[in-house]
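**Q** Pasting the sequence and the predicted coordinates here, then a few questions.
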Amino acid sequence: MAVDKDKFTGSDTEGGITSSYAMDDGVELKVSYSYMGSIYDEDEKQMALAAMAQDTLTMGPQVKAFQDEFAAMSGVKHAFATTNCTTAMHVATQALGIGPGDEVIVTPNTFIATSLVILKEGATPVYADIDPKTFNIDPKEIAKKITPKTKAVYVVHYGGQKCDMDPIMEIAKKHNLYVLEDCAHTPGSLYKGRRAGSIGDVGCFSFHSLKNMTTCGEGGMITTNRDDLVDPIEKLRCMNLDHWKNQADYWLPSHFDVVDVNGRWGNNYRMNEIQAAVGRAQLRKLEMLNKTRQEKGRRISDGIQGIKGITPVYEDPNCYHTYHLYTLCIEEEELGATRDDFMRVLYREEGVQGILHYQPTYHFTGLKKMGYRDDICPIAEKFFYRRELNLPMHPRLTDQEIKDTIAGIKNAAEKVRGMRG
């Protein structure tokens with residue numbers, strides 16, 4: 001049955017707010033927050049149709065080609081396609097041998113998945129605060145959190161801009177720690193000329209619908225330069241399957257063996273051929289998609305420069321920012337109004353829909369039940385609860401939508417200025 005797009009709302013989806021930000025509240029929007037972060041055209045259609053005509057629809061030639069091409073783009077030796085970024089990080093966590101009794105230092109400014117994979121293996125997330133300009137984990141805060149139980153640092157490159165990786169890698173080397181890069185926001189981003197996912201022990205990418213490139217709504221990738229992780233990753237993403245050695249006939253002694261990875265058991269986290277084929281088309285567009293996002297993000301920043309109490313995106317000169325998110329910060333003391341005062345006017349009166357990323361992970365009910373305090377990372381807490389909102393940002397934003405966004409920010413700022421003074 002065809003879907004009437006004019007009647008589609010977030011309540012029509014199984015995932016609710018996790019699959020759409022459409023609201024049925026009567027607000028007339030000029031710029032809505034889109035759940036599609038990329039551009040699809042005839043390339044993706046033709047690649048998908050070609051994959052459908054193949055003899056195999058899972059883990060075949062399209063997946064192999066996508067992995068090879070993604071590895072080349074990322075500047076790494078190995079890449080492994082998965083069902084999504086969460087499963088990519090789960091496989092990597094198992095492959096690194098992280099488990100009960102281990103501590104993993106992680107940012108609170110991320111989706112729950114980054115902590116979830118640590119918790120699933122029985123390890124303990126330890127939260128380190130963020131840099132107030134980049135919103136990435138602060139290397140100085142990482143150093144404060146290291147204990148004899150620390151086994152790894154999981155960094156998240158927030159919003160399209162990579163973390164300050166050199167000091168993080170120095171800390172890891174000094175204390176013999178693994179580093180996992182959560183690159184969900186940063187395919188193609190650079191830090192001092194090095195690609196996301198090429199600096200730590202492993203990188204994990206998302207091809208979710210919102211991301212800079214997407215494989216039919218879900219998908220993920222693991223990258224690494226470590227040869228010793230190839231066999232564990234291959235087994236753990238595919239139910240610990242292994243090939244018998246020196247088989248005279250392919251059916252003897254059987255079609256496959258099953259081997260544990262140091263006592264770890266994997267799952268079926270394989271990507272299918274249609275997703276991989278679409279991913280190959282998206283990868284060919286990635287440079288254009290990232291550049292388009294960057295150009296549109298910079299136009300917004302240029303248009304709102306100098307508004308007292310409004311802070312546009314900061315670009316670290318060491319990084320190539322790919323603008324997965326456009327994070328606007330409201331400085332309550334300067335504006336004389338709260339972030340929520342501003343956001344209500346921006347949405348209800350100016351028709352520009354913002355959303356919030358990310359509630360500090362340890363504030364969720366499940367983490368509180370484990371004994372996490374409310375005040376672990378004050379900068380991250382102020383960031384989420386008082387400063388930030390994310391503006392609509394995707395490569396299909398029109399000139400008029402950018403103009404409406406800039407005008408909406410200016411108008412909202414003046415309407416609320418001093419209202420709490």
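**A** Yep, that arrived.
**Q** ranges for the helices of the stretch 101-250 of the chain?
**A** Using DSSP state H, counting those that start in this stretch, the helices of the stretch 101-250 of the chain run over residues 113-120, 139-145, 165-175, 230-236.
**Q** closest one to L335 among those helices?
**A** Distance to L335, taken as CB to CB, is lowest for helix 139-145 among the helices of the stretch 101-250 of the chain, at 27.3 Å. Bear in mind the C-beta positions are built from the backbone N, C-alpha and C, glycine included.
**Q** Quick check: which of the helices of the stretch 101-250 of the chain is buried the most?
**A** Comparing those by mean neighbour count (mean count of other CB atoms under 10 Å), helix 113-120 ranks first with a mean of 22.
**Q** which secondary structure elements does it contact?
**A** helix 85-95, strand 103-106, strand 124-127, strand 150-156 (3 or more CB pairs under 8 Å, 6 or more residues apart in numbering; DSSP states H and E).
**Q** just to revisit the earlier point, indicate which one of the helices of the stretch 101-250 of the chain is closest to T338.
**A** helix 139-145 (26.2 Å).
**Q** check contacts around the nearest residue to A172 once chain neighbours are set aside.
**A** Once flanking residues are discounted, A172 sits nearest to V179: 4.9 Å by CB to CB, 6 or more residues apart in numbering. Residues in contact with V179 (CB atoms under 8 Å, 6 or more residues apart in numbering) are 152-155, 168-169, 172, 199-201.
**Q** still on that earlier bit, now tabulate the helices and strands packed on helix 113-120 in CSV and tack on distance to E141.
**A** Formatted as CSV, those follow (distance: least, CB to CB, whole Å):
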stretch, distance to E141
helix 85-95, 21
strand 103-106, 9
strand 124-127, 9
strand 150-156, 11
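**Q** and those, which is most packed in?
**A** Most buried among these, given mean count of other CB under 10 Å as the contact rule, is helix 85-95, at a mean of 28.
**Q** For stretch 307-319, list the C-alpha coordinates in CSV.
**A** Taking C-alpha atoms only, stretch 307-319 is exported to CSV below (Å, rounded to 0.1, in the frame of the first residue of the first chain):
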residue,chain,number,x,y,z
ILE,A,307,24.5,37.4,17.4
LYS,A,308,25.1,37.9,21.1
GLY,A,309,24.3,34.7,23.0
ILE,A,310,24.4,32.5,20.0
THR,A,311,27.4,30.3,19.3
PRO,A,312,27.8,28.7,15.8
VAL,A,313,29.8,25.6,15.0
TYR,A,314,33.5,25.6,15.9
GLU,A,315,35.8,24.0,13.3
ASP,A,316,39.1,22.7,14.7
PRO,A,317,41.9,23.7,12.3
ASN,A,318,43.4,20.2,12.7
CYS,A,319,40.2,18.7,11.3
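**Q** now what about it, what contacts it?
**A** By CB under 8 Å, 6+ apart, the surrounding residues in contact with stretch 307-319 are 133-134, 159, 161-162, 164, 189-192, 297, 300-301, 304-305, 321, 323, 326-332, 334-337, 387, 409-410, 413, 417.
**Q** Buried residues, it. List them.
**A** Neighbour-count burial for stretch 307-319, counted by 16 or more other CB atoms under 10 Å, picks out 307, 309-313, 315-316, 319.
**Q** Could you tell me which of those are located in helices?
**A** Assigned to helices by DSSP state H, none of these qualify.
**Q** So in that sheet, which strands flank the helix or strand bottoming out on mean pLDDT in the chain, and in what orientation?
**A** Lowest by mean pLDDT, DSSP states H and E among the helices and strands of the chain is strand 257-258, with a mean of 90. Applying DSSP bridges, strand 257-258 is found paired with strand 241-242 (antiparallel).
**Q** ok, the spatially most distant residue from the centre of the chain - contacts?
**A** Farthest-out residue of the chain from its mean C-alpha position, per CA atoms, centre = their mean: A248, at 45.3 Å. For A248, the contact set (CB under 8 Å, 6+ apart) is empty.
**Q** same deal with E349?
**A** 411-412, 415.
**Q** Among those, which one has the most neighbours?
**A** Using other CB atoms under 10 Å as the neighbour criterion, A412 leads the contacts of E349 with 27 neighbours.
**Q** Secondary structure element holding that residue?
**A** Counting by DSSP states H and E, the element that carries A412 is helix 399-416.
**Q** residues in contact with that helix?
**A** 30-31, 296, 299-300, 303-304, 307-310, 328, 335-337, 341-342, 345-346, 349-352, 391-392, 397.
**Q** Now, those that are in strands?
**A** 310, 328, 391 (DSSP state E).
**Q** Dump those to a markdown table, plus distance to V117 and pLDDT.
**A** Formatted as a markdown table, those follow (distance: CB to CB, whole Å; pLDDT from 0 to 100):
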| residue | distance to V117 | pLDDT |
| --- | --- | --- |
| I310 | 36 | 98 |
| L328 | 30 | 98 |
| L391 | 29 | 98 |
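**Q** Looking at the helices of the stretch 101-250 of the chain, which is nearest to A184?
**A** From the helices of the stretch 101-250 of the chain, taking CB to CB, the stretch that ends up closest is helix 113-120, at 8.1 Å.
**Q** Identify the residues contacting that closest one?
**A** 85-86, 89-90, 92-93, 98, 104, 106-107, 124-125, 154, 156, 182, 361, 367.
**Q** Ends of stretch 234-251, what's the gap?
**A** For stretch 234-251, the first-to-last residue distance is 21 Å (CA to CA, to the nearest Å).
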